[in-house]
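**Student:** Okay, predicted coordinates and the sequence, questions at the end:
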Amino acid sequence: ILNVEQSPQSLHVQEGDSTNFTCSFPSSNFYALHWYRWETAKSPEALFVMTLNGDEKKKGRISATLNTKEGYSYLYIKGSQPEDSATYLCAFWMDSSYKLIFGSGTRLLVRP
Amino acid sequence: ETGVTQSPTHLIKTRGQQVTLRCSSQSGHNTVSWYQQALGQGPQFIFQYYREEENGRGNFPPRFSGLQFPNYSSELNVNALELDDSALYLCASSLGQAPGAEAFFGQGTRLTVV
């Protein structure tokens, strides 16, 4: 059974704090790692798709890194804002399986 | 908004009934995947359709079936509904099947089986 683990499960921070989450995945047969942000009552929205070991991607205050050899990815949010409150999902694509294997997500709440 | 629309948004069915959920993919996207999200879990892959053919399936029984139409819209059918089928069902469209292809999700259909 392939598992994608995300930690922490939930996180409460104050506005302005920086935070980071972890996604762990099997290190063999890696093809891609996706990060999504999912706000309540909306669709999951793609943040990053990462395919190369050592990849670093950035979108505004959010950035992500990828280590395929040890099987983890970090998502960082700098200076969290209340609008960053959402569930952050990572998903692993293994070899030619045609499917994304999702973690259970990290629920972030940013207090004003 | 992603351009992926799902209908209906909410549905209540009785155990043993059949249900059809619908998904309109983003314009130009030829690949649709379906996911089931039970409470407290991440989305679980059900199957994927590429150019009207199923080309990948997760660990779901045959009573979960689907279709993709020439316009790339898709249906998920579930027969003989069970209480455990209560979940949020998400569809996602993408351009091609490549692992690096970004998936665009709909808002989901919340199915309740009573």
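**Tutor:** Received it, and whenever you're ready, just let me know what you need.

**Student:** show me the contacts for residue B:22.
**Tutor:** With contact set as Cβ atoms under 8 Å, 6 or more residues apart in numbering or on different chains, residue B:22 has these partners: B:6, B:7, B:73, B:74, B:75. Any C-beta I mention is one placed from the backbone N, CA and C, and that applies to glycine too.

**Student:** Including distance to residue B:16, could these go into a markdown table?
**Tutor:** Putting those into a markdown table (distance: Cβ to Cβ, whole Å) gives the following:
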| residue | distance to residue B:16 |
| --- | --- |
| B:6 | 24 |
| B:7 | 23 |
| B:73 | 27 |
| B:74 | 24 |
| B:75 | 20 |
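
**Student:** was I right about residue B:29 contacting residue B:93?
**Tutor:** Yes - contact criterion Cβ atoms under 8 Å: residue B:29 and residue B:93 qualify, at 3.8 Å.

**Student:** what residues do the two have in common as contacts?
**Tutor:** With Cβ under 8 Å, 6+ apart as the test, residue B:29 and residue B:93 both reach B:72, B:104.

**Student:** More neighbours: which of these two?
**Tutor:** residue B:93 (28 against 19; other Cβ atoms under 10 Å in any protein chain shown).

**Student:** who's that one bridged to?
**Tutor:** Beta bridges link residue B:93 to residue B:32, residue B:104 when assigned by DSSP bridges.

**Student:** And it, how far from residue B:33?
**Tutor:** 8 Å (Cβ to Cβ, to the nearest Å).

**Student:** Ok, residue B:54 next?
**Tutor:** Taking Cβ to Cβ, one finds residue B:54 at 11 Å from residue B:33.

**Student:** between those two, which one's more packed in?
**Tutor:** More crowded of residue B:54 and residue B:33, by other Cβ under 10 Å: residue B:33, with 27 against 14.

**Student:** which stretches of the chain have low pLDDT?
**Tutor:** In the absence of a named chain, chain A is used. For chain A, applying pLDDT under 70 flags the ranges A:1, A:96-97.

**Student:** Sorry, I should have been clearer: chain B.
**Tutor:** B:1-2.
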